[in-house]
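Asker: Sequence first, then the predicted structure:
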2 protein chains.
Amino acid sequence: MLDNASPPGPPTRAATIEDVAQHAGVSKAAVSKVIRDAYGVSDQMRERVTASIAALDYRPRVAARAMRGSTATIGVQLPQVDNEFFTRILTGIVQELNASAYQLIIAPMADPVSGTAALESLYDRQVDGIIAVAPAVPQAWLEGLARRVPLVQVGQHDHPQHYDVVVGDDDAGARLVMEHLFDSGHTRIVHVTNDERILVEPRTDPHPRRLRVYESMMRERGLEPDVIRIDSSDHDTRHTVNDLLDRATPPTALFAGHDSLALSALEVSAERGVDAAEFAVVGYDDVPIASHPLIGLSTVDQHGQEMGATAAQLLLERIGGRQDAQRRVFSPALRVRATSGSAPAVRRTES
Amino acid sequence: MLDNASPPGPPTRAATIEDVAQHAGVSKAAVSKVIRDAYGVSDQMRERVTASIAALDYRPRVAARAMRGSTATIGVQLPQVDNEFFTRILTGIVQELNASAYQLIIAPMADPVSGTAALESLYDRQVDGIIAVAPAVPQAWLEGLARRVPLVQVGQHDHPQHYDVVVGDDDAGARLVMEHLFDSGHTRIVHVTNDERILVEPRTDPHPRRLRVYESMMRERGLEPDVIRIDSSDHDTRHTVNDLLDRATPPTALFAGHDSLALSALEVSAERGVDAAEFAVVGYDDVPIASHPLIGLSTVDQHGQEMGATAAQLLLERIGGRQDAQRRVFSPALRVRATSGSAPAVRRTES
DNA sequence: TTGAAAGCGCTAACAA
DNA sequence: TTGTTAGCGCTTTCAA
């Protein structure tokens, strides 16, 4: 379809179902049946219509179809397009939906502070279902949306009534990190995390959970928590980590709320020539580059791609009619690499 | 909007403009005027209608609007969501369109071999304009599409009549790389690039261009080109690079068609403990991680984000009525880092 | 198996 | 300033 370049000259009006019907000498209803593969069309009819569709380069308008029923599309709301963890989730969704009859559209959050616009935009387009990835909206608002359209939320610790949730077990993940650092003998451990102001729902966001675990595990051992909040600018992170290492008794380990923060910290320690035994760094998310031998970042694998695929499956079930709210909690896995613990770094030799 | 969770109980039919009109005791036309901010509404009318809209939680359907005119949305077709260069372009588009009245939707390519589905899907949704990022479709097909909807293409060396092009100067970029390697004294230089089978339009694709420059510059100096094609799997790349380094007289430099290939090559050389003086690696794209001190990948900055922003500007102009085809060619810049030439690597100290 | 006709929710002429 | 009305392109009864 759309194969034939339309005739040269002024752009002609795109063909409608009416045009096809006339060209084929049949009714609009007949054409509609053919394009929908509906029951009750003779082979002869199908052939005629198919030929006319090709001849006129006809494509049904989604909008007109939407007026009468489904759009056969699923919408994904994404907080940032340049965040590797989110794109992993998206990859899982894309693959899972590839075989389905649904077309995927993605609405990026324009305003990172409030995600309502992107979700509303999908709703306004009458998508058949929505996957909301780490949506920056209150849970009550999501419930309202979920009452109107099948919805699956990924990445927040909600306990909803009208939508499904796919989320990582952040308590377990943070515990893995802290146990690993304690086992390696660290006591002066700082935690670097997102500034709380950028959180819409601190109660359900993963990062405050990781923080909470960090704090309680430190206190359990009689250690004073040392928390640093970052307002998301890379410069800020580097500055902060430099300050940390400048202290009279600097921390020996850094637990970063996500890999992007961890990578920034590694920039600083690399530039200063501080090694992993002196200053361990552990991240969260296991972005692809973390396993590169030149980086070797210890981190927590959240299985983002599987989370995305699961979200897509749940949404299809929901579109199929399921009503009860399901929760899928993914167990994270610690990946110990060069930036912490025992595994020796693969080093670049002198050049 | 969508603020009030709808009443508990069975999901009620979403409000239409008719419902709002009845609730406010006015005509549908009046409501339409209010929501479009059209001329000729009294303050009193506006207030009544606005109140009813809020009370009923009304949102106009894009589909119904599309039947009469514009959808106020711009569509972006994206080949892969997990490619950092493409997401840079996307970031530029998102930022540029943020202030505009247009909502953005992204259609990811499901099938990397043919990109028609994603573009057709956007067309079928009657978007007001399309940005096609590295579309895997023949140029003639794009021309046909461009006759029907304002279109800007990013990343292919087309010379179109009905759409605009934003592209990097790949000849110049490849030349920068080769001159840099020659200047550093290399002669045994291999070029690793995508398998040609995955290219729809080899004539306009950036990678064959870079390859062509590589070949001709090698020959100009009496050197035999040494080209290796990869079918995009990471395993394949690692295997290939290992073979290269196993040769009796291995190459001293590798020019990778894009950074992802370069990073894979660096994995292998790092694991084998081969340093940059022995085996230089230069990539293309300047993905964010390339500048990390632990990676220090020499590469070519294509200014992806600016390309995206420019594409968005051109599209807005085109939607505004411009007809002539514009081309914007971006001059790339070489970033020399640790993996090639003189800059010493920042190394991780022994741990 | 095929066709006629109603109607989805909205906008834009036009009338009042 | 406000309301009436005629479609936009499709799907879906319901008749033929």
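Answerer: Arrived safely.

Asker: where exactly do the helices run in the stretch 151-300 of chain A?
Answerer: A:170-183, A:206-220, A:234-246, A:259-272 (DSSP state H, counting those that start in this stretch).

Asker: what's the closest of the ones you listed to B:Ile228?
Answerer: Closest to B:Ile228 of those is helix A:259-272 (Cβ to Cβ; 29.8 Å). Backbone N, C-alpha and C define where each C-beta goes, glycine included.

Asker: So what touches the closest one?
Answerer: Residues from elsewhere that reach helix A:259-272, judged by Cβ atoms under 8 Å, 6 or more residues apart in numbering or on different chains: A:83-85, A:192-193, A:230, A:234, A:237-238, A:241-242, A:245, A:254, A:256, A:275, A:279, A:281-287, A:289-290, A:295, A:297, A:299, A:339, B:289, B:292-294, B:346, B:348.

Asker: and if you look at stretch A:31-43?
Answerer: So stretch A:31-43 is contacted by A:Ile17, A:Val20, A:Ala21, A:Ala24, A:Ala30, A:Met45, A:Arg46, A:Val49, A:Thr50, A:Ser52, A:Ile53, A:Pro60 (Cβ under 8 Å, 6+ apart).

Asker: And the contacts of helix A:259-272, which of them are buried?
Answerer: Neighbour counting by 16 or more other Cβ atoms under 10 Å in any protein chain shown classes A:83-85, A:192-193, A:230, A:237, A:241, A:245, A:254, A:256, A:275, A:279, A:281-287, A:289-290, A:295, A:297, A:299, A:339, B:289, B:292-294, B:346, B:348 among the contacts of helix A:259-272 as buried.

Asker: By mean pLDDT, point me to the weakest helix or strand of chain A.
Answerer: helix A:234-246 (a mean of 89; mean pLDDT, DSSP states H and E).

Asker: now the angle from that helix to helix A:259-272?
Answerer: 50 degrees (axes from the mean of the first three to the mean of the last three Cα atoms, to 10 degrees).

Asker: For helix A:234-246, give me every contacting residue.
Answerer: Contacts of helix A:234-246 (Cβ under 8 Å, 6+ apart): A:190, A:192, A:228, A:230, A:250-251, A:254, A:261, A:264-265, A:267-269, A:272, A:274, A:279.

Asker: Of these, which one scores lowest on pLDDT?
Answerer: Lowest in pLDDT among the contacts of helix A:234-246 is A:Ile230, which has 90.

Asker: who's in contact with that residue?
Answerer: Here A:Ile230 is in contact with A:Val192, A:Thr193, A:Asn194, A:Asp195, A:Asp236, A:Thr237, A:Thr240, A:Leu261 (Cβ under 8 Å, 6+ apart).

Asker: list the contacts for A:Gly304?
Answerer: A:Gly304 touches A:Phe85, A:Phe86, A:Arg88, A:Ile89, A:Gly92, A:Asp285, counting by Cβ under 8 Å, 6+ apart.

Asker: what does A:Ser70 give?
Answerer: A:Ser70 neighbours (Cβ under 8 Å, 6+ apart): A:Asp128.

Asker: on that earlier part again, what two of the contacts of stretch A:31-43 are the furthest from one another?
Answerer: A:Met45 and A:Pro60 (17.4 Å).

Asker: what about the residue nearest the centre of chain A, distance to A:Val34?
Answerer: In chain A, the C-alpha nearest the mean C-alpha coordinate belongs to A:Phe86, at 3.2 Å (Cα atoms, centre = their mean). In this view, A:Phe86 and A:Val34 are 40 Å apart by Cβ to Cβ, to the nearest Å.

Asker: What of A:Ala24?
Answerer: 9 Å.

Asker: try A:Trp141
Answerer: From A:Trp141 to A:Val34 the distance is 42 Å (Cβ to Cβ).

Asker: Same question for A:Ala277.
Answerer: For A:Ala277 relative to A:Val34 (Cβ to Cβ), the value is 71 Å.

Asker: Get me the contact residues on the stretch 151-300 of chain A for chain B.
Answerer: The interface of the stretch 151-300 of chain A toward chain B, taken as Cβ under 8 Å from any Cβ of the partner chain, is made up of A:263, A:266-267, A:270-271, A:273-277, A:288-289, A:292-295.

Asker: Out of these, the closest to B:Phe330 would be?
Answerer: Once Cβ to Cβ is applied, the member of these that ends up nearest B:Phe330 is A:Ile289, at 25.4 Å.

Asker: Could you verify my assumption that that closest one touches A:Gly296?
Answerer: No. Using Cβ atoms under 8 Å, A:Ile289 is not in contact with A:Gly296; the gap is 10.2 Å.

Asker: those strands in chain A, which residues are they?
Answerer: A:73-78, A:103-108, A:129-133, A:151-154, A:164-168, A:189-194, A:227-230, A:253-256, A:280-282, A:299-301, A:327-330, A:333-335 (DSSP state E).

Asker: Need the pLDDT of the nearest residue to A:Asp111 once chain neighbours are set aside.
Answerer: Closest residue in space to A:Asp111, ignoring its immediate chain neighbours: A:Ala117 at 6.5 Å, by Cβ to Cβ, 6 or more residues apart in numbering or on different chains. pLDDT recorded at A:Ala117 is 93.

Asker: Give me the buried subset of the contacts of helix A:234-246.
Answerer: By 16+ other Cβ under 10 Å, the contacts of helix A:234-246 give A:190, A:192, A:228, A:230, A:251, A:254, A:261, A:264-265, A:267-269, A:272, A:274, A:279 as buried.

Asker: can you give me the mean pLDDT across stretch A:316-335?
Answerer: Rounded mean pLDDT across stretch A:316-335 is 97.

Asker: Tell me the gap between it and the middle of its chain.
Answerer: 14 Å (Cα atoms, centre = their mean, to the nearest Å).

Asker: Can you measure across it, start residue to end residue?
Answerer: 32 Å (Cα to Cα, to the nearest Å).

Asker: So what touches that stretch?
Answerer: Here stretch A:316-335 has contacts from A:100, A:102, A:128-129, A:150-152, A:159-170, A:172-173, A:176-177, A:180, A:286, A:290-291, A:298-303, A:306-307, A:310, A:314, using Cβ under 8 Å, 6+ apart.

Asker: Equivalent analysis for stretch A:56-64, please.
Answerer: Contacts for stretch A:56-64 (Cβ under 8 Å, 6+ apart): A:1-4, A:6, A:14-17, A:19-20, A:23, A:35, A:52, A:71-73, B:62-64, B:66-67, B:71, B:120, B:123-126.

Asker: if you set the cut-off to 6 Å instead, what comes out?
Answerer: A:1, A:4, A:15, A:19-20, A:23, A:35, A:71, B:63, B:66-67, B:124-126 (Cβ atoms under 6 Å, 6 or more residues apart in numbering or on different chains).

Asker: Okay, buried residues for it please.
Answerer: For stretch A:56-64, by 16+ other Cβ under 10 Å, it's A:Leu56, A:Asp57, A:Tyr58, A:Arg59, A:Pro60, A:Arg61, A:Val62, A:Ala63.

Asker: next one: stretch A:122-132
Answerer: A:Leu122, A:Tyr123, A:Asp124, A:Arg125, A:Gln126, A:Val127, A:Asp128, A:Gly129, A:Ile130, A:Ile131, A:Ala132.

Asker: Point out where the stretch 101-250 of chain A drops to low pLDDT.
Answerer: A:113, A:197-198, A:232-234 (pLDDT under 70).

Asker: Just want the residue of it that's nearest chain B.
Answerer: A:Gly144 (3.6 Å; Cβ to the nearest Cβ).

Asker: Identify those among the buried residues of stretch A:56-64 that sit within helices.
Answerer: The members of these that map onto helices under DSSP state H are A:Leu56, A:Val62, A:Ala63.
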